[in-house]
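Novice: sequence? don't have it. structure:
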């Protein structure tokens with residue numbers, strides 16, 4: 001991560017951002033909820049990247065250096081929370097499920113940050129209560145450290161549709177399949193197929209936010225068919241790519 005700014009108080013605000021806009025690396029003394037009611041938002045830290053469509057939000061813990069990037073025209077809702085307000089006890093960034101009620105609470109809480117304090121306190125209390133029932137989602141793309149593993153991951157970042165096997169990628173980067181398999185589990189805490197699926201889903205969300213048709217997204221991200229992509233997407237995000245739009 002580049003040199004970051006220190007913004008002690010995490011803002012509570014709605015920001016309407018153009019496609020491709022972002023917020024450079026910074027950190028807060030507060031926790032923060034990052035939610036895109038429209039568009040897709042990603043948050044990057046030194047540990048990896050988290051991405052969320054409109055039925056997910058990203059939890060950023062106090063002190064974490066992070067940067068935001070949006071894909072497609074995005075209504076970005078940011079909710080700052082004191083360090084004492086951590087209903088799920090999360091120590092690191094996480095993607096959380098956002099149901100209809102939590103969605104409306106976040107939107108309303110960020111609509112008028114300077115509103116009546118008593119009303120806002122009531123809203124916040126309900127919002128925190130709903131967060132308590134928001135399960136974490138496995139939508140995380142961890143960053144590799146070992147240069148051999150990083151080289152393999154870079155090849156797939158450049159072309160998510162690259163269908164080469166792990167032995168073939170290892171031959172290209174000078175590492176054995178056994179070594180790479182061990183590194184995927186030790187550093188990224190997932191298997192190679194699991195990491196590649198996460199990568200493809202991340203790229204798919206970005207392409208969908210940019211208006212690319214579902215069939216083209218499936219092809220560009222490496223799925224054998226549109227139906228296979230739709231099935232993988234539904235299992236991860238709870239809805240089809242078309243419904244997400």
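Specialist: Nice, thanks for sending it over. Here the structure is a predicted model, which means the values were calculated and not measured.

Novice: ranges for the strands of this structure?
Specialist: For the chain, applying DSSP state E gives strands covering 5-6, 13-17, 22-27, 31-45, 48-52, 56-60, 66-81, 94-97, 136-137, 140-142.

Novice: right, and those - which one's nearest residue 112?
Specialist: Among the strands of the chain, strand 13-17 comes nearest to residue 112, with 9.5 Å by Cβ to Cβ. (Glycine included, C-beta is placed from N, CA and C.)

Novice: so which of the strands of the chain gets nearest residue 156?
Specialist: It is, among these and with distance given as Cβ to Cβ, strand 140-142, at 10.7 Å.

Novice: what residues does the closest one touch?
Specialist: With Cβ atoms under 8 Å, 6 or more residues apart in numbering as the test, strand 140-142 has contacts from 47-51, 93-95, 187-190, 195, 198-199, 202.

Novice: for residue 41, state which of those is nearest.
Specialist: Using Cβ to Cβ, these come closest to residue 41 at residue 51, 7.3 Å.

Novice: just the buried subset of the contacts of strand 140-142, written out for PyMOL, thanks.
Specialist: Buried residues within the contacts of strand 140-142, by 16 or more other Cβ atoms under 10 Å, are selected in PyMOL with:
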select buried, resi 48+49+50+51+93+94+95+188+190+195+198+199+202
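
Novice: any idea which of the contacts of strand 140-142 is least confident?
Specialist: In this model, the minimum pLDDT among the contacts of strand 140-142 belongs to residue 47 (88).

Novice: OK, contacts around that residue?
Specialist: 92-93, 142-143.

Novice: just the closest of the residues you listed to residue 24, please.
Specialist: residue 93 (16.9 Å).

Novice: tell me the contacts of the closest one?
Specialist: Residue 93 touches 43, 45, 47, 50, 58-61, 64, 66, 140, counting by Cβ under 8 Å, 6+ apart.

Novice: in TSV: the residues you listed, plus distance to residue 159.
Specialist: Converted to TSV, the contacts of residue 93 look like this (distance: Cβ to Cβ, whole Å):
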residue	distance to residue 159
43	24
45	25
47	24
50	22
58	26
59	31
60	30
61	33
64	30
66	27
140	21
